[in-house]
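# give me coordinates for this.
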Amino acid sequence: MSVPPDRPGSDATGLRVAAVGAWQQGHRLAGGALLCTVVGLSALFVSEHHGGPALLYALLIGLAFHFLSPDPRLRPGIDFCSRTVLRIGVALLGARIGFSQVLALGWRTALLVAAGVTLTIACGLLLARWLGCRRDEGLVSGCAVGICGASAALAVASVLPPTRENERFTLLAVVGVTVLSTLAMLLYPLLVQVLGFSTHQAGIFFGATIHDVAQVVAAGMLLTQAGDTAAAASATIVKLMRVMLLLPVVLAVATWVRRGETPEAIALDEDSPPRAEVPLVPTFLLGFVVLMLLNTAGLLPGWMVGGASDLSRTLLVIAIAAAAVKTSLADLGRLGWRPVLMLVAETALLALAAGLAIGLGLG
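Numbering: from 1, shown residues only. So this is what the prediction gives:
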């Protein structure tokens, strides 16, 4: 005798329950996710049509909508964009990286990049201790400056305890590295000419010191003359080498948090999401590795790499918009001048160390 399709426990009933659950979850997230998406796409539109960094526009527009964040109909979707959408965006960064590109620069450049990242993170931790800030803040700022700007700040923060203090500082770090990266894009091409660097050396310097990928490419193009794109090409590859280091750094931080060794852990307040146990290897890092290996093996066609890169940028802008909607200007003001000093000092130290190493022929 056949089982009726609507009998409890049947496959049809299970699918129906799953579909209803998915619809309810989507309905719960839709309002906040739509708000963040509109803010993010607006920022991209302004950036593409009028110039300037999309991340900064997303921050400014998102802060203007902070008054909507307490709405219980919007908050779940905003939280979803600030964490899940962020992690998907970071995972897609792996599609841009291939080991063959990195190996083409040689071991000296690889050593220079690794040393620069290590030095900057160590500097962030030391400055945080010296200035009386939490070490989580030094870790986020050091990774943001040393690795890949806003993307690194968001990726590292995503595996730290989700406290309001961490959210506020991460947003300030994103603002800071975006502004500093834009200033570096304008000033560093003049600096390398004063220092007498060759086109290849200038490209390495840009890739090793400027925070965000877009500004790295722009700085290389500002130095371009007579159609020579050597500076932009070498700068981009060196920058991708730094992005590749995001994987071991975030994995180390996640392991640190999992073991309960994260210092100055602050109790969650009523507005913070409950802290879940950090997995041994976060899923988004696995996605990052898989895409990087597929690109290295040549299994990703060019259109797919380009599409993943564009989608990653869009998702990260939406995630920044969500973080901004959750944060008020008053919250940022309470952080004071110390985080700003940390970011500026780390940026200056990285530029000084890279400049000396390249000048001495070590890069």
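# state the helix or strand in which His27 lies.
helix 11-50 (DSSP states H and E).
# Ala128 too?
Element membership for Ala128, per DSSP H and E: helix 107-131.
# let me see the mean pLDDT of that helix.
In this model, helix 107-131 has a mean pLDDT of 90.
# which stretches of the protein have low pLDDT?
Applying pLDDT under 70 to the chain picks out residues 1-25, 101-102, 224-231, 260-282, 331-332, 335, 363.
# contacts only, for the residue minimising distance to the centre of the chain.
For the chain, the residue sitting closest to the mean C-alpha position, by CA atoms, centre = their mean, is Ser151 at 0.9 Å. Listed by CB atoms under 8 Å, 6 or more residues apart in numbering, the contact set of Ser151 reads Gly89, Val90, Leu93, Asp212, Val243, Leu246, Leu316. Glycine gets a C-beta too; all of them are placed from N, C-alpha and C.
# from those residues, which is closest to Thr163?
In terms of CB to CB, no member of the contacts of Ser151 lies closer to Thr163 than Val90, at 20.1 Å.
# mind exporting stretch 247-257 as PDB, just the C-alpha atoms?
C-alpha atoms of stretch 247-257 as PDB (Å, rounded to 0.1, in the frame of the first residue of the first chain):
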ATOM      1  CA  LEU A 247      44.700  32.700   4.600                       C
ATOM      2  CA  PRO A 248      47.300  31.600   7.200                       C
ATOM      3  CA  VAL A 249      46.800  34.800   9.300                       C
ATOM      4  CA  VAL A 250      43.000  34.400   9.600                       C
ATOM      5  CA  LEU A 251      43.500  30.600  10.200                       C
ATOM      6  CA  ALA A 252      45.900  31.400  13.000                       C
ATOM      7  CA  VAL A 253      43.500  34.000  14.600                       C
ATOM      8  CA  ALA A 254      40.600  31.500  14.300                       C
ATOM      9  CA  THR A 255      42.700  28.800  16.100                       C
ATOM     10  CA  TRP A 256      43.700  31.400  18.800                       C
ATOM     11  CA  VAL A 257      40.000  32.200  19.400                       C
END
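# and Ala155, how far from Gly89?
9 Å (CB to CB, to the nearest Å).
# roughly how far does the spatially closest residue to Gly207 that is not a sequence neighbour sit from Gly138?
In space, and not counting its chain neighbours, Gly207 is closest to Val238: 2.7 Å by CB to CB, 6 or more residues apart in numbering. Noted for Val238: a distance of 25 Å to Gly138, by CB to CB.
# more neighbours: the two, which one.
Val238 (30 against 26; other CB atoms under 10 Å).
# show me the contact partners of stretch 117-127.
133, 135, 138-143, 145-147, 242, 245, 249, 341-342, 345-346, 349-350, 353.
# please redo it, this time with the cut-off set to 6 Å
135, 138, 141-143, 145-147, 245, 342, 345-346, 349-350, 353 (CB atoms under 6 Å, 6 or more residues apart in numbering).
# out of those residues, which is nearest to Leu223?
Nearest to Leu223 among those, counting by CB to CB, is Leu350 at 19.0 Å.
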